[in-house]
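Participant: Let's see this in three dimensions:
(chains A and B)
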Amino acid sequence: MAVIRDVMPAFDLLQPDTAAEAQKLLQQNGEDAWVMAGGMDSFDWLKDRIKKPKVLVDLSGVEELKGIRATGDGVEIGAMTTLTEIANHAAIQRDYSLLAQAVELVASPQIRNQGTLGGNVSQDARCWYYRGGWPCYRAGGNICYADTPVGRNREHAIFGADRCVAVHPSDSAPALIALDAKFVIRTPKGERVVDAEDYFVGPETDITRLNILRPGDLLTAIRIPAAWAGAKFYFEKVRDRNVWDFPLMNVASAMKLSGGTISDMRIAVNAAAPKPMRLKAVEDAVRGKPANAETGEMAGKIAVRGAVPLQFNAYKIPLMRNLVKRAIGSGQEAA
Amino acid sequence: MPEMEEPKTSESQAQQITRRRFILGVIAGGAVVSAASYKILAPGGRGRTWGGERLITLNVNGKPRRVEAMKQETLAWTLRYKLGLTGTKLGCDRAECGSCTVLIDDVPYYSCSVLTNTVRGRKVVTIEGLAADDGKLHPVQQAVVDEQGFQCAFCMPGFVMSAVGYLKKNPNPTREEMAQGLSGNLCRCQDYTKILDAMMRGAETMRRA
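Facilitator: Prediction:
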């Protein structure tokens, strides 16, 4: 894709002040509207002329969507809160350091200063065929360019592929799943609250979207319950270079220990499948077991059961096995 | 880009004006031409007028600047081609290189990825706004000169703005922390060691002042 060095094609810029107004504008403009949070995903699409929305709804002026508030049960993070603010927030660092670690590893300092939590979980797939404007399944066509004998698919999925083999690129998403977060969505029919893992959709459900947002919907906040506050957390992101890069894979886990035994655990990986994967089989298998390398070994094997590698991404199977193993082994250091 | 065009004046005329004045003139002219061409290129038949400019006031380097900005215009574009502040560089135009870094309310942003219309009422500082009114360089700029911190220096304004922004948050960084603070900027000359030398020296000067 040639880089076009010119201003973007024209669109109408709407700058609402409140979430209600923003949602109404999205509803009114339906498919013509593009919702922009930090813009770190949006600008690539717009500058490359691949997406050409008629109306851009800019959320940067909606103050009520920003900030971190304590609630009766945990914290609520406004969808427009920047990743830098989350990473530096005292209460997040103290009780939910898993999320602080995850967002600190996103992209670069400038992107974290501008990028938001809502945008990070709602960003589109990064498969370069798709981003390059190729008419693939996800773009409404009838071919996957990555899943061919010569397709470049080193970064692609080992689970959950259905025609499209792109992975979900978010670092914060698995952390929010491990923390059992709830996503608050303002829809034309009123407020809807969903579990973190139910926010994301795979290609088998809808190949053109990575999340459940429909035209007219607005993600307003993410609530983290106190249930996992201060648990034993583990986050690791593997990527080709230390800045900017999306994950080749990441793992996020929250573990409750009594003595050296795992009494409860939530664990998720991302960049393994078209949506962040919560590893329920692993959670069930490790409950009541000691948090050590042996349990980790067993959990790693369970985690990769059923993985289907493509031509160039078989390395992701041992990678995932080892990330899960390390997440569980981290409990041993704590005990 | 407008300022890259070869002068079409005869040699004798070109000699009468300095290169810098000529470039500034082309920028002013180019801005008008590019804005006008976009009005023509803007997709018609949609029943409304789009892409039109509106007059807004920005706070740039401590001064109110009136500028006509398109709705889809980025801050980097406005700074360079409307306000003539060409110290801010456009490298990738995709939030990947850091050359366009400016401070908005003291925080480093990629100005290629900020819409001009979203920074109304906020404080924008570019590399041109760092030096004192009497021309005395900012300590980080002076350190770049003293340490010969860059080779080609195309990325320099972005690095300096990142460093100045980072030092507001952490005035006493270790070398490792400074590297983290500057990790959103790329240098194709691979001059990172000397860049870090310069930035650390700038930080030290600021602490002593």
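
Participant: CA atoms for contacts and neighbours, from now on please.
Facilitator: Will do.

Participant: List the buried residues in the host helix or strand of A:Glu85.
Facilitator: Per DSSP states H and E, A:Glu85 falls inside helix A:83-88. Buried residues in helix A:83-88, counted by 16 or more other Cα atoms under 10 Å in any protein chain shown: A:83-87.

Participant: And the strands in chain B, which stretches?
Facilitator: With strands called from DSSP state E, chain B shows them at B:53-60, B:63-70, B:101-104, B:107-110, B:123-125.

Participant: Just checking: what are the partner strands of the last one?
Facilitator: Spelled out, that is strand B:123-125. strand B:53-60 (parallel), strand B:101-104 (antiparallel) (DSSP bridges).

Participant: and what of the second one?
Facilitator: When sheet partners are counted by DSSP bridges, strand B:63-70 sits next to strand B:53-60 (antiparallel).

Participant: Kindly report the same for the fourth one.
Facilitator: In the sheet containing strand B:107-110, the strands it pairs with under DSSP bridges are strand B:101-104 (antiparallel).

Participant: residues contacting residue 152?
Facilitator: No chain in the question, so chain A it is. A:146, A:312 (Cα atoms under 8 Å, 6 or more residues apart in numbering or on different chains).

Participant: Switch to chain B, please.
Facilitator: For B:Cys152, the contact set (Cα under 8 Å, 6+ apart) comprises B:Cys189.

Participant: the bottom helix or strand of chain A by mean pLDDT?
Facilitator: In chain A, no helix or strand scores lower on mean pLDDT, DSSP states H and E than helix A:316-334, which sits at a mean of 91.

Participant: Summarise which helices and strands that one is packed against.
Facilitator: Packing contacts for helix A:316-334, counted by 3 or more Cα pairs under 8 Å, 6 or more residues apart in numbering or on different chains; DSSP states H and E, involve strand A:232-238, strand A:249-258, helix A:293-303.

Participant: Go ahead and name everything in contact with it.
Facilitator: A:158, A:232, A:234-236, A:248-253, A:255, A:257, A:260, A:269, A:272, A:291-293, A:295-301, A:303-304, A:307, A:309.

Participant: Please find the angle between the direction vectors of that helix and strand A:232-238.
Facilitator: Going by axes from the mean of the first three to the mean of the last three Cα atoms, to 10 degrees, helix A:316-334 is angled at 150 degrees with respect to strand A:232-238.

Participant: Alpha carbons of helix A:316-334, as CSV, please.
Facilitator: What follows is helix A:316-334, C-alpha atoms only, in CSV (Å, rounded to 0.1, in the frame of the first residue of the first chain):
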residue,chain,number,x,y,z
LYS,A,316,2.7,-20.2,18.3
ILE,A,317,1.8,-23.6,19.7
PRO,A,318,4.9,-24.0,21.9
LEU,A,319,4.8,-20.2,22.5
MET,A,320,1.3,-20.5,23.9
ARG,A,321,2.1,-23.6,25.9
ASN,A,322,5.1,-21.9,27.5
LEU,A,323,3.2,-18.6,28.3
VAL,A,324,0.5,-20.6,30.1
LYS,A,325,3.1,-22.6,31.9
ARG,A,326,4.9,-19.4,33.0
ALA,A,327,1.7,-17.8,34.1
ILE,A,328,0.9,-20.7,36.5
GLY,A,329,4.6,-21.1,37.5
SER,A,330,4.5,-17.5,38.6
GLY,A,331,2.3,-18.6,41.6
GLN,A,332,5.3,-20.5,42.9
GLU,A,333,7.4,-17.4,43.3
ALA,A,334,4.6,-15.8,45.3
